[in-house]
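Participant: I need the structure of the sequence given here:
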Amino acid sequence: MSNARMLLWSSKLSKGKTVTPDLCTLPPTDEAFEENVKRAHFQISIWKSAKNSYPPNLDVEKYGWTKDFANKSLDPVTVAANVHLAPDYVLKLINCNCKSADKLCQSRRCSCKSANLPCTLFCSCRTLDCHNTV
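Facilitator: I've put the predicted structure just below:
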C-alpha cells in the first residue's frame, strides 16, 4: 500500500501541477491499512455471530479500537502508537500560512492542526502567539 501511495503521489506531481494533491485522494499507508483491516475483521466477526447464543468475546483493543472512558465510546486507531506519522525531514517541510492573530492555529483551517501536527519554525505563525496545542 505504501508503495502504491508513493507511486500515485509522484504521478500526480509529475503532471506539471504546482498544487500538491490532497492526501485523502491517496491510498492508505501499510500501517493505516492494517488497522482498517483489523476493524473490518472485528465487524465481520460480530455480524457472523449475530444469531449465535454465545458470540465470541473479542477484545476491541486488539482489533483497531481504543476505549475512551471519559466519553464512554470507542475511537478507531488510525496508526499504531509506535509508528511515526511521517519521517522527521517531512514534518519539517509541513507549514501553515496562518496570519490572523485572532484564534491563530486553533481551527482545522490551519494545515498543521488539521494534520494533527504541531506548528514548526517554517510556519507563518512562528512570530505570532500560536495556539496550536497538538
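
Participant: Check which helices and strands the longest helix along the chain sits against.
Facilitator: Under DSSP state H, the helix in the chain containing the largest number of residues is helix 30-48. On a contact count with 3 or more C-beta pairs under 8 Å, 6 or more residues apart in numbering; DSSP states H and E, helix 30-48 meets no helix or strand. No exception for glycine: its C-beta is placed from N, CA and C like everyone else's.

Participant: Name the residues of it that are buried.
Facilitator: 31-32, 34-36, 38-39, 42 (16 or more other C-beta atoms under 10 Å).

Participant: Could I have the CA atoms of it written out in CSV?
Facilitator: Coordinates of the C-alpha atoms in helix 30-48 are reproduced here as CSV (Å, rounded to 0.1, in the frame of the first residue of the first chain):
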residue,chain,number,x,y,z
ASP,A,30,0.6,0.0,5.2
GLU,A,31,0.1,0.8,8.9
ALA,A,32,-3.2,2.5,8.4
PHE,A,33,-4.4,-0.2,6.1
GLU,A,34,-3.6,-2.9,8.7
GLU,A,35,-5.6,-1.0,11.4
ASN,A,36,-8.5,-0.7,9.0
VAL,A,37,-8.4,-4.5,8.2
LYS,A,38,-8.5,-5.2,12.0
ARG,A,39,-11.6,-3.1,12.4
ALA,A,40,-13.3,-4.8,9.4
HIS,A,41,-12.4,-8.2,10.7
PHE,A,42,-13.9,-7.3,14.1
GLN,A,43,-17.1,-6.1,12.5
ILE,A,44,-17.5,-9.2,10.3
SER,A,45,-17.0,-11.4,13.4
ILE,A,46,-19.8,-9.6,15.1
TRP,A,47,-22.1,-9.9,12.1
LYS,A,48,-21.4,-13.6,11.6
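
Participant: Show me what the mean pLDDT comes to for that helix.
Facilitator: Helix 30-48 shows a mean pLDDT of 91.

Participant: Please report phi then psi for the residue lying farthest from the centre of the chain.
Facilitator: Of all residues in the chain, Ser53 has its C-alpha farthest from the mean position, at 37.4 Å, by C-alpha atoms, centre = their mean. Main-chain dihedrals, Ser53, degrees, to the nearest 10: phi -70, psi -30.
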